[in-house]
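Visitor: okay, predicted coordinates and the sequence, questions at the end:
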Amino acid sequence: MSSQRILIAILFFSIFFSLSSARPDKSKNQYKPCKSLVLYFHDIIYNGQNKENATSAIVAAPEGFNLTSFASSPFPFGNIVVIDDPITLDNNLHSKPVGRAQGQYIYDSKNNPTSWFAFTFVLNSTDHQGTINFVGADPIFLKTRDVSVVGGTGDFFMHRGVATIMTDAVEGVVYFRLRFDIKFYECW
């Protein structure tokens, strides 16, 4: 009788664990984006000599540094940069812009080259109308990094997702280009 109970208990637990929801279900769909977009962000930092072409400026710097060059030692900790950068569909700075990136980034780490983004892509082209809002840390020397897409307006009303950023080009401390691979997971 007791061996029969043990056998029934083993059978019960075997069936229970084989049907358990704790086991990964390969038939469930993984998260798939409802919309995606690739855009290029071109930043030309004001250096005291390029007023006509500059699209961003250092508006705050640590004591002892000026607003035309980044603080160093060893990273530009404490610099706050305001941007109004062109956004293009390809990596050519001279391509027709589809919008502007407006907002700021802050160099917020003493020990690592990291910036913190808070800006909006304001898109005004025949293909896309509206805004996309970004917030997050950008550990600059990583090949790819993600920032949050926290909302938008127009064609991107209430959209949320992730933008994977790659540094596409760097020319000294004056110009850099970022590739934004934007994937929206909530689309209204």
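Guide: Received it, and whenever you're ready, just let me know what you need.

Visitor: and the residue nearest the centre of this protein?
Guide: Centroid check for the chain by Cα atoms, centre = their mean gives residue 147 as the closest residue, at 2.9 Å.

Visitor: contacts only, for that one.
Guide: Contacts here follow Cβ atoms under 8 Å, 6 or more residues apart in numbering; on that basis residue 147 touches 117, 134-138, 162-163, 165. Where you see a C-beta, it was placed from the backbone N, CA and C, and this is true even at glycine.

Visitor: with residue 101 instead?
Guide: Going by Cβ under 8 Å, 6+ apart, residue 101 touches 41, 83-87, 119-122.

Visitor: so it sits in a strand?
Guide: Yes. In this structure, residue 101 lies within a strand as judged by DSSP: H, G, I helix; E, B strand; the rest coil.

Visitor: any idea how far apart the tips of stretch 45-53 sit?
Guide: 9 Å (Cα to Cα, to the nearest Å).

Visitor: just the buried members of the contacts of residue 147?
Guide: Listed as buried from the contacts of residue 147 are 117, 134, 136-138, 162-163, 165; burial here means 16 or more other Cβ atoms under 10 Å.

Visitor: that older thread, beta partners of the residue nearest to the centre of the chain?
Guide: In this entry, residue 147 is beta-bridged to residue 163, by DSSP bridges.

Visitor: residue 178: neighbour count?
Guide: 23 (other Cβ atoms under 10 Å).

Visitor: what sits against it?
Guide: Taking Cβ under 8 Å, 6+ apart, one finds 40-41, 43, 165-168 in contact with residue 178.

Visitor: equivalent analysis for residue 35, please.
Guide: 159, 183-184, 187.

Visitor: next, please give the residue ranges for the helices of the protein.
Guide: 2-18 (DSSP state H).
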